[in-house]
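Undergrad: here are the coordinates; sequence isn't available:
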């Protein structure tokens, strides 16, 4: 396979730089001994295994953060190879702490004070019939239509105002600064579990909503603080996170300060999956982090964040973890079960579509942001090689429509050769009866998974949406996915958008694949449940393909119930008629997903911060691969790395 090198340029111009005030407790972390200070009022230096930030005298900073004169941050070492003699265990290694003043001083910053800078604009005022001096003639159909539209707009704005209030109410502060949003703030639930934590994947729609409103500081703070929690230890302990892994979530804990009973210390406590149900590792966290970082730069114009040495190092560590050599023969990313939004046993282990679409998008975003320097050359070459192979693999082998389905139906098996048509030895009997009847004549989609002798024919929404957004699929395939959504609207949307997957596993298949999971019963939760947060990914995909009316239709359906139902996490039953049996109310990413969809439909041009355009070089490479001679014999091993596609 020919190798392609794609030069990148991240210096497109730096616009306004967002306020650095929220970073006054943040301690920069780079592999260098001395580095530029990320906090405008801090003196930063390295001492042993702990990086300390000593605050200069500045009264207004002390008033804002309610912090003492010295902040101690337990961070990663100056280089991954340095041994930490002062750290007692791995968890203390990941704590990111700030020594604050007394508990009375900390409590002096009320919730109202903390949210003063996050107040939305005054809601629009609409005149009702009673306020109108000249009411419309109800016999006129145009007046009736206008009146109905004004009423719908007024109701929509009321729901939006409520959603913004709830989103801001879910914000979490760290030393006086907003750092993220908790997963859910359900006053009706006595069992909190980990819904009071800040999840990386859950914060993405919240972060996008803040970016679209021009509130950049909370997103910048989230990006930098989660970077500090990234795993830097390279260990042989099978229960420790791999080097470069981003946490699934973190929690702000307030603990007494050692040696001073009157003072407290705020600590960021990350969870890499060690405490999660099922102990699943969050593969998608680092991929979402890269996507949000690029969206921040494009939205704010502040490219200085992605150019920082510590941020560049964080990007490289995520890429090295994802591009590491292994036993896998495919260019897709090999993962265990539950590494993404579906974080329970659902038979998506191996090469699930959602991870591949996020992986492809993160590679494109990283290539755009990586600085052109000598140390990045090999990484960029490997990245570009992977992009070519991954795009070919997904477009060629994951795609299914009526034509491809008929081809699989006539597959020959047990083929041994380089020019085999049935490369993965798929048996035609795997085609389920539901698929034969369900597949429309017009439209298609990417299947959920592909492994030797196995094709998961389920429709997974997020993977298909993001494949459109990231240009992982062709333009024709993108339109075909939206065609299928329109054709199967009653199955995928019904009374509440959007089915996380279709169809649900039932009967013996459900017992075997899910392990009889009582939460993933048919048409509930991850097993065919409906998740309103998927509205924002659907909206971005529809806007990109110039078909926003599909998203508008879905948002209108959601608006009729979300506020009345108190913003649940998910809905149950085949038509999504019931609130999920274990669904949390006031789920933050349900609220944020709705807000992002509304904001993007009002100004579709803003969706560009999330989109990846189809790369002409990749198109040419893909064309060359599809037209190349498949009968080429095995030759001498190339000095450069190749990928089997």
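TA: Nice, thanks for sending it over. Predicted, not measured: the structure shown is a model, and the values here were computed from it.
Undergrad: quick one: terminal-to-terminal distance for stretch 369-383?
TA: Chord length of stretch 369-383, first to last residue, is 13 Å (CA to CA, to the nearest Å).
Undergrad: taking the mean pLDDT, what do you get for that stretch?
TA: Across stretch 369-383, pLDDT averages out at 91.
Undergrad: just how off-centre is that stretch within its chain?
TA: Relative to the chain's own centre, stretch 369-383 is displaced by 24 Å; criterion: CA atoms, centre = their mean, to the nearest Å.
Undergrad: What of stretch 511-520?
TA: 26 Å.
Undergrad: I would like the residues contacting that stretch, please.
TA: If you take CB atoms under 8 Å, 6 or more residues apart in numbering as the criterion, stretch 511-520 is touched by 344, 345, 346, 347, 505, 510, 525, 526, 527, 582. C-beta here means a position set from N, CA and C on the backbone, and glycine is covered the same way.
Undergrad: Spatially nearest residue to residue 526, not counting backbone neighbours?
TA: residue 342 (4.7 Å; CB to CB, 6 or more residues apart in numbering).
Undergrad: how close does that neighbour sit to residue 585?
TA: To residue 585, residue 342 is 21 Å away according to CB to CB, to the nearest Å.
Undergrad: Settle it for me: which of the two has more neighbours?
TA: Per other CB atoms under 10 Å, whichever of residue 342 and residue 585 has more neighbours is residue 342, with 23 against 18.
Undergrad: Against residue 185, how distant is the more buried one?
TA: Applying CB to CB to residue 342 and residue 185 gives a distance of 23 Å.
Undergrad: re earlier: mind checking which helix or strand the residue nearest to residue 526 is in?
TA: Following DSSP states H and E, one finds residue 342 outside all helices and strands.
Undergrad: wait, what's in contact with it?
TA: So residue 342 contacts 348, 352, 354, 500, 501, 526 (CB under 8 Å, 6+ apart).
Undergrad: Retrieve the pLDDT associated with it.
TA: Reported pLDDT for residue 342: 96.
Undergrad: Nearest spatial neighbour of residue 242, chain-adjacent residues omitted?
TA: Nearest residue to residue 242 in three dimensions, chain neighbours excluded: residue 321, at 5.8 Å (CB to CB, 6+ apart).
Undergrad: Is that neighbour located within a strand, as I assumed?
TA: No. Under DSSP: H, G, I helix; E, B strand; the rest coil, residue 321 falls outside any strand and is assigned helix.
Undergrad: so how far does stretch 551-571 reach from one end to the other?
TA: Stretch 551-571 has an end-to-end distance of 19 Å (criterion: CA to CA).
Undergrad: Give me the buried positions along stretch 295-314.
TA: 295-303, 305-306, 308, 310-314 (16 or more other CB atoms under 10 Å).
Undergrad: no no, stretch 268-277
TA: 268, 269, 270, 271, 272, 273, 276.
Undergrad: Next, format those as TSV and append pLDDT, distance to residue 542 and secondary structure.
TA: Shown next, in TSV, are the buried residues of stretch 268-277 (pLDDT from 0 to 100; distance: CB to CB, whole Å; DSSP: H, G, I helix; E, B strand; the rest coil):
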residue	pLDDT	distance to residue 542	secondary structure
268	95	37	strand
269	94	39	strand
270	93	35	strand
271	92	34	strand
272	91	35	coil
273	85	33	coil
276	82	33	coil
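Undergrad: Between all of the contacts of stretch 511-520, which two are separated the most?
TA: Taking CB to CB, the two most distant members of these are 347 and 582; they sit 20.5 Å apart.
Undergrad: quick one, which of these two is more surrounded?
TA: More crowded of residue 347 and residue 582, by other CB under 10 Å: residue 347, with 19 against 14.
Undergrad: dump the residue contacts of the more buried one.
TA: 337, 449, 456, 505, 513, 514.
Undergrad: gap between residue 339 and residue 172?
TA: Counting by CB to CB - residue 339 and residue 172 are separated by 25 Å.
Undergrad: Residue 446 now?
TA: Residue 446 is 35 Å from residue 172, by CB to CB.
Undergrad: So which of these two has more stuff around it?
TA: Using other CB under 10 Å, the more surrounded residue of residue 446 and residue 172 is residue 446, with 25 against 20.
Undergrad: Need the nearest residue in space to that one, chain neighbours excluded.
TA: Leaving aside its sequence neighbours, residue 446 sits nearest to residue 398 (CB to CB, 6+ apart; 4.4 Å).
Undergrad: what do you get for residue 388?
TA: residue 621 (4.5 Å).
Undergrad: ok, residue 361 touching residue 287?
TA: Yes. With contact defined as CB atoms under 8 Å, residue 361 and residue 287 form a contacting pair (7.3 Å).
Undergrad: out of the two, which sits in the more crowded spot?
TA: Under the criterion of other CB under 10 Å, the comparison of residue 361 against residue 287 puts residue 287 first, with 29 against 24.
Undergrad: That one sits in which helix or strand?
TA: Per DSSP H and E: residue 287 is located in helix 283-300.
Undergrad: So which other helices or strands are in contact with that helix?
TA: Contacting helix 283-300 under the criterion 3 or more CB pairs under 8 Å, 6 or more residues apart in numbering; DSSP states H and E are the following elements: helix 200-212, helix 217-229, helix 304-307, helix 309-322, helix 353-369.
Undergrad: pLDDT weak spots in the protein?
TA: Confidence mapping of the chain against pLDDT under 70 gives the ranges 1-154, 233-239, 622-623, 625-645.
Undergrad: what's the strand or helix carrying residue 464 packed up against?
TA: In the assignment (DSSP H and E), residue 464 maps to helix 461-469. Helix 461-469 is packed against helix 353-369, strand 444-451, helix 475-487, helix 535-544, with contacts defined by 3+ CB pairs under 8 Å, 6+ apart.
Undergrad: Quick one: closest of the ones you listed to residue 438.
TA: helix 475-487 (9.6 Å).
Undergrad: can you pull the buried residues of the helix or strand just after the closest one?
TA: Counting by DSSP H and E, the next helix or strand C-terminal to helix 475-487 is helix 489-492. For helix 489-492, the neighbour count (16+ other CB under 10 Å) marks 491, 492 as buried.
Undergrad: what about helix 489-492, distance to the chain center?
TA: Distance of helix 489-492 from the chain centroid (CA atoms, centre = their mean) equals 24 Å.
Undergrad: Which residue ranges of the stretch 101-250 of the chain form strands?
TA: With strands called from DSSP state E, counting those that start in this stretch, the stretch 101-250 of the chain shows them at 171-174, 177-181, 198-199, 249-257.
Undergrad: between those strands, which gets nearest to residue 486?
TA: Relative to residue 486, the nearest member of the strands of the stretch 101-250 of the chain by CB to CB is strand 198-199, separated by 31.9 Å.
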